[in-house]
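A.B. asks: model the structure of this input:
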Amino acid sequence: MKITDFTVEEINLISIYEVESRRHTMFRIHDVYNLMDENMQIIATSAVRKLTEMTDEEFALADFIPAE
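C.D. replies: Presented below is the predicted three-dimensional model:
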């Protein structure tokens, strides 16, 4: 999985909750999932699925920089 496989919305979401590891980032997104509206939940589900498909090495090399 490459950073280019993520949508702008997914990258923005991940950049908000990104921490030192892929696994902890997924946990942080999961922790706030029920606070999201339905559209954000769809984005979060897709982002977490893609993070699951990444390796830790790919995550470490990825730059999840939010769009301005």
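
A.B. asks: just the strands from this structure, written as ranges.
C.D. replies: Assigned by DSSP state E, the chain shows no strands.

A.B. asks: what residue lies at the spatial centre of it?
C.D. replies: Central residue of the chain (Cα atoms, centre = their mean): Ile14, 3.4 Å from the mean position.

A.B. asks: that one reaches Phe6, doesn't it?
C.D. replies: Yes: contact status for Ile14 versus Phe6: in contact at 7.2 Å, counting by Cβ atoms under 8 Å. In short, each C-beta sits where N, CA and C put it, glycine included.

A.B. asks: okay, and the common contacts of those two?
C.D. replies: Ala47, Phe64 (Cβ atoms under 8 Å, 6 or more residues apart in numbering).

A.B. asks: report the contact partners of the nearest residue to Ala47 once chain neighbours are set aside.
C.D. replies: Distance criterion Cβ to Cβ, 6 or more residues apart in numbering; nearest residue to Ala47, sequence neighbours excluded, is Glu10 at 4.0 Å. Listed by Cβ under 8 Å, 6+ apart, the contact partners of Glu10 are Ile43, Ser46, Ala47, Lys50.

A.B. asks: not counting residues beside it along the chain, what's closest to the second one?
C.D. replies: When the adjacent residues along the chain are set aside, Ser46 lies closest to Glu10, with 6.1 Å between them (Cβ to Cβ, 6+ apart).

A.B. asks: and Thr7, how many neighbours?
C.D. replies: 12 (other Cβ atoms under 10 Å).

A.B. asks: ok now do it, which residues does it touch?
C.D. replies: For Thr7, counting by Cβ under 8 Å, 6+ apart, the contacting residues are Ile43, Ser46.

A.B. asks: again with Asn34
C.D. replies: Counted by Cβ under 8 Å, 6+ apart, Asn34 has zero contacts.

A.B. asks: Glu58 touches Phe6, doesn't it?
C.D. replies: No: at 11.3 Å, Glu58 does not count as touching Phe6 under the criterion of Cβ under 8 Å.

A.B. asks: and the two? Which one has more around it.
C.D. replies: Phe6 (20 against 14).

A.B. asks: pLDDT value on that one, please?
C.D. replies: We have a pLDDT of 96 for Phe6.
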